[in-house]
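> sequence and predicted model, in that order:
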Amino acid sequence: MNRHLLKIKDIQNERDYRSIPIDKVGIKNLQYPITVLDRRNSFQHTVASINMYVDLPHKYKGTHMSRFVEMLHLFRPEVSLKKISVILEQMKKHLNAASANIEVTFPYFIEKRSPVSNSPGLMDYTCRFIGASDPGGKIDLVSEVIVPVSSVCPCSKEISEMGAHNQRGQVRLSTRFDKFIWIEDMIELVEACASCEVYSVLKRVDEKHVTEKAFLNPKFVEDIVRDIAKKLKEDQNIIWFSVSAENFESIHNHSAYASITSGRHPDL
């Protein structure tokens, strides 16, 4: 049986005469169970959508797509920032590639208790690990979180005789760092810079609290990204960041948006 399999023609390894290299070739949107590091519980099981790519030299017709999935199987169940660099190097080795890229997007759950009644509930956050390895073996890692927030418009509060318009928003924070940073730390930093946090469970006493807290702490999207940027700039562990805030406006048929990018960007 093995002798028979060895005789099967390998089309991917045939020569391509167009002589055009491909920057990225691989698989996208692979749904895969993973285990990520959890600050409170050590580990958390979730399901990720994974993209994996390598470069393809001009002389080869194609890459071996099945090997990407084989790479993941070697490292399951844990796919964390600590493992990304190892996965990238293995991708290059097993696919005879000079460069490799991986993107791992997954829901991450944190138990949050409501601010007054202390009622427990699970909040879900979209997180992403992005990794790249260049031909020289240099590794670039980015950790990203998308955090729902609440904001109250300072202008509306200032000019209105009764109340002010408020809305739910979304903050996207991406960071590069020298030392490991917890997902929870990134989320908590963002939530502290909004008018108020968002919760999955709120009793009436909690609703009163968050409404009044947000009203006393009005913020534009500009305020949110500046406050986050200020904290990140004060953290010597953060070498690069990109933060954006989008408010899904309650009185407009459009969103409000602001972003800041700062720090050194590795050349890959």
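Good, I have the coordinates.

> so Lys82, which state does it fall into?
Secondary structure, DSSP: H, G, I helix; E, B strand; the rest coil: Lys82 is helix.

> which pLDDT does the model give it?
Note on Lys82: pLDDT of 76.

> excluding its backbone neighbours, what's nearest it?
Phe180 (7.2 Å; C-beta to C-beta, 6 or more residues apart in numbering). Any C-beta I mention is one placed from the backbone N, CA and C, and that applies to glycine too.

> touching, that neighbour and Leu81? I think so.
Yes. Shown here, Phe180 and Leu81 form a contact pair, counting by C-beta atoms under 8 Å, at 6.8 Å.

> who's more crowded, the two?
Leu81 (19 against 13; other C-beta atoms under 10 Å).

> gap between that one and Ile139?
11 Å (C-beta to C-beta, to the nearest Å).

> list residues touching both of Phe180 and Leu81?
With contacts taken as C-beta atoms under 8 Å, 6 or more residues apart in numbering, Phe180 and Leu81 have no neighbour in common.

> ranges for the helices of the stretch 1-150 of the chain?
2-6, 66-75, 81-94 (DSSP state H, counting those that start in this stretch).

> any idea which of these is most buried?
helix 81-94 (a mean of 18; mean count of other C-beta atoms under 10 Å).

> between that helix and helix 66-75, how many degrees?
140 degrees (axes from the mean of the first three to the mean of the last three C-alpha atoms, to 10 degrees).

> export helix 81-94 to CSV, keeping only CA atoms.
The C-alpha coordinates for helix 81-94 follow below in CSV (Å, rounded to 0.1, in the frame of the first residue of the first chain):
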residue,chain,number,x,y,z
LEU,A,81,1.0,33.7,21.7
LYS,A,82,3.8,31.7,23.3
LYS,A,83,3.3,28.9,20.7
ILE,A,84,2.7,31.1,17.6
SER,A,85,6.5,31.6,16.9
VAL,A,86,7.0,27.8,17.1
ILE,A,87,4.1,27.2,14.7
LEU,A,88,5.4,29.7,12.2
GLU,A,89,8.9,28.1,12.1
GLN,A,90,7.3,24.7,11.7
MET,A,91,5.2,26.0,8.8
LYS,A,92,8.3,27.2,7.0
LYS,A,93,10.1,24.0,7.6
HIS,A,94,7.4,21.6,6.5
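
> where does the chain have low pLDDT?
1-16, 62, 76-78, 265-268 (pLDDT under 70).

> swap the cut-off to 50 and go again
1 (pLDDT under 50).

> grab the longest strand from it for me.
strand 22-38 (DSSP state E).

> which parts of that one are buried?
For strand 22-38, the neighbour count (16 or more other C-beta atoms under 10 Å) marks 22, 25-27, 32, 34, 36-38 as buried.

> that older thread, kindly provide the distance from the residue nearest to Lys82 to His45.
Distance from Phe180 to His45, by C-beta to C-beta: 20 Å.

> same check on His64?
For His64, the distance to His45 (C-beta to C-beta) stands at 29 Å.

> repeat that for Thr126.
Separation of Thr126 from His45 (C-beta to C-beta): 16 Å.

> more crowded one of those two?
Thr126 (15 against 11).

> okay, now the closest residue to the more buried one other than its chain neighbours: neighbour count?
Distances taken as C-beta to C-beta, 6+ apart put Ile146 closest to Thr126, at 4.2 Å, once the chain neighbours are dropped. Applying other C-beta under 10 Å, we find 18 residues neighbouring Ile146.
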